[in-house]
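J.: here are the coordinates; sequence isn't available:
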Ligand SMILES: Nc1ncnc2c1ncn2[C@@H]1O[C@H](COP(=O)(O)OP(=O)(O)OP(=O)(O)O)[C@@H](O)[C@H]1O
């Protein structure tokens with residue numbers, strides 16, 4: 001018996017892209033002298049293996065080919081080249097809708113999916129109760145699934161996928177659709193599944209879950225594998241990819257690793273010499289399209305960044321590590337005692353933490369027109385893993401009135417990556433000691 005559950009061998013997937021529909025039709029009927037399409041490789045000579053019992057994550061930027069490889073593994077798509085060996089019964093939770101017939105009811109779809117995986121009707125009968133209990137969508141199971149909300153849909157799809165007793169579970173992002181309680185239930189099931197020694201392959205943009213659940217991670221970019229290895233390292237590389245700090249070309253994994261340090265150096269603008277900046281830091285971020293920006297114009301935040309403890313500009317920070325928030329402010333007018341600030345809000349809009357140079361007792365007497373100041377807040381990231389919005393501003397008091405010179409509310413999204421979350425918003429970083437107290441020796 002092979003030790004591998006999944007082996008992806010030299011897999012490529014090419015799509016023929018036509019500029020005009022006419023060209024497609026001409027080609028389809030064999031009427032073109034020369035091909036009229038151009039080739040688009042969704043995957044290019046991809047190789048990786050998943051051992052039995054491993055949980056492997058696939059991460060990569062949009063369009064990297066993550067969904068394509070999952071569809072090839074599950075047989076929804078055929079590769080153009082290469083092959084995939086599967087060793088075990090697969091159950092897949094791909095994009096919403098895949099594997100379901102929209103006209104069928106929930107119950108009918110349970111039987112449809114079960115038989116597709118290879119179960120008999122009697123075997124599915126036995127599992128039906130567990131599936132319905134897990135999905136918890138009430139009488140909707142008797143309705144056609146086309147009437148379901150996306151949340152109900154994912155509940156049913158996940159309930160089927162996980163309760164059908166697969167040996168290999170393949171999950172594509174679907175968990176992000178359900179509500180938080182359902183997500184928690186699914187992750188619990190994920191853990192049970194792992195404990196049973198089953199194999200999981202999953203795609204996610206949620207780096208916290210990847211760090212927590214995966215034994216190994218494959219990092220894809222533009223259809224090719226850049227590297228595979230332990231989750232922390234791969235997430236680190238992915239973070240750099242996201243802010244264009246990892247140049248890829250034809251490099252192999254080893255070369256990328258070797259280059260990493262050199263790369264940081266080249267791409268890190270010299271911190272205390274802003275005039276030498278080749279490019280603005282903020283250009284490396286996806287700015288919130290719903291950004292709330294205002295101020296009286298006496299100062300402008302001309303640049304900002306978040307840097308991890310290695311000094312790399314990033315939009316995700318590992319919990320427990322030190323990081324910096326930088327803002328560079330140009331004064332258009334003379335301003336007495338300007339205050340620089342930052343705030344982290346959660347996705348629900350609650351301010352979770354923040355500070356400013358006044359609270360921190362780092363005051364500037366006066367900033368003159370034309371002056372540029374760079375403010376760095378350096379601190380430890382103790383927020384729980386998840387998504388946050390960062391706001392920065394330059395404010396102050398004029399004649400006793402609070403004044404906003406320039407404020408960027410919710411300007412960028414910062415992800416906190418964590419493989420251990422505690423209760424609430426904040427981790428107190430407890431050191432825990434448990435000792436067994438011998439009978440009769442309970443003195444303090
Ligand atoms: N049917 C199709 N025809 C042509 N190109 C396609 C088709 N399906 C996918 N592609 C292309 O293949 C590439 C990989 O797509 P894929 O959906 O696998 O990426 P992904 O990593 O899952 O992205 P995301 O994170 O955005 O879901 C993309 O460039 C995409 O545009």
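T.: Now that the structure is in, tell me what you want to look at. Please read these numbers as outputs of a predicted model, since none were measured by experiment. Numbers count the residues shown, from 1 in each chain.
J.: Verify the stated contact: residue 390 with residue 343.
T.: Yes - the criterion here is C-beta atoms under 8 Å, and residue 390 meets it with residue 343 at 7.4 Å. Just so you know, the C-beta spots here come from the backbone N, C-alpha and C atoms, and that holds for glycine as well.
J.: Of those two, give the one with the bigger neighbour count.
T.: Neighbours around residue 390 and residue 343, counted as other C-beta atoms under 10 Å, are more numerous at residue 390. The numbers are 22 against 18.
J.: Buried residues in the helix or strand encompassing that one, which are they?
T.: Using DSSP states H and E, residue 390 maps to strand 386-398. The neighbour-count check on strand 386-398 (16 or more other C-beta atoms under 10 Å) flags 386, 388, 389, 390, 391, 392, 393, 394, 395, 396 as buried.
J.: now swap in stretch 292-310 and tell me
T.: 295, 298, 299, 300, 301, 303, 304, 305, 306, 307, 308.
J.: Dig out what the closest residue to residue 347 other than its chain neighbours forms beta bridges with.
T.: In this structure, residue 347 finds its nearest non-sequential neighbour in residue 387, 5.5 Å apart by C-beta to C-beta, 6 or more residues apart in numbering. Beta-bridge partners for residue 387, by DSSP bridges, are residue 415.
J.: Now that residue 387 has come up, it's in contact with residue 413, right?
T.: Yes - with contact defined as C-beta under 8 Å, residue 387 counts as touching residue 413 (6.1 Å).
J.: any low-confidence regions in this structure?
T.: 1, 35, 95-98, 174-181, 184, 243-278, 442-444 (pLDDT under 70).
J.: Spell out which residues of it are next to the ligand.
T.: 15, 40, 42, 60, 62, 63, 64, 65, 66, 67, 68 (C-beta under 6 Å from any ligand atom).
J.: and the two most separated of the residues you listed?
T.: 15 and 60 (17.5 Å; C-beta to C-beta).
J.: can you list the domain ranges for this structure.
T.: 4-255, 274-417 (automatic domain parsing).
J.: In JSON lines: those domains, plus distance to residue 429.
T.: Listed next are those as JSON lines, based on distance: least, C-beta to C-beta, whole Å:
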{"stretch": "domain 4-255", "distance to residue 429": "17"}
{"stretch": "domain 274-417", "distance to residue 429": "6"}
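J.: Compare these and give me the one nearest residue 431.
T.: domain 274-417 (12.8 Å).
J.: can you count the residues close to residue 283?
T.: 10.
J.: and it, helix, strand or coil?
T.: helix (DSSP: H, G, I helix; E, B strand; the rest coil).
J.: Where do the helices of the chain begin and end?
T.: 21-28, 66-73, 106-117, 121-135, 150-163, 180-195, 207-213, 231-242, 253-267 (DSSP state H).
J.: Now the shortest one: buried residues?
T.: Along helix 207-213, these residues count as buried under the neighbour rule (16+ other C-beta under 10 Å): 207, 208, 209, 210, 211, 212, 213.
J.: Would you agree the fifth one is in contact with residue 418?
T.: Yes - taking contact to mean C-beta under 8 Å, the distance of 6.8 Å between residue 211 and residue 418 places them in contact.
J.: Need the residues touching each of these two.
T.: residue 385 (C-beta atoms under 8 Å, 6 or more residues apart in numbering).
J.: follow-up on the earlier one: between residue 15 and residue 60, who's got more neighbours?
T.: Shown here are residue 15 and residue 60; by other C-beta under 10 Å, residue 60 has more neighbours (24 against 12).
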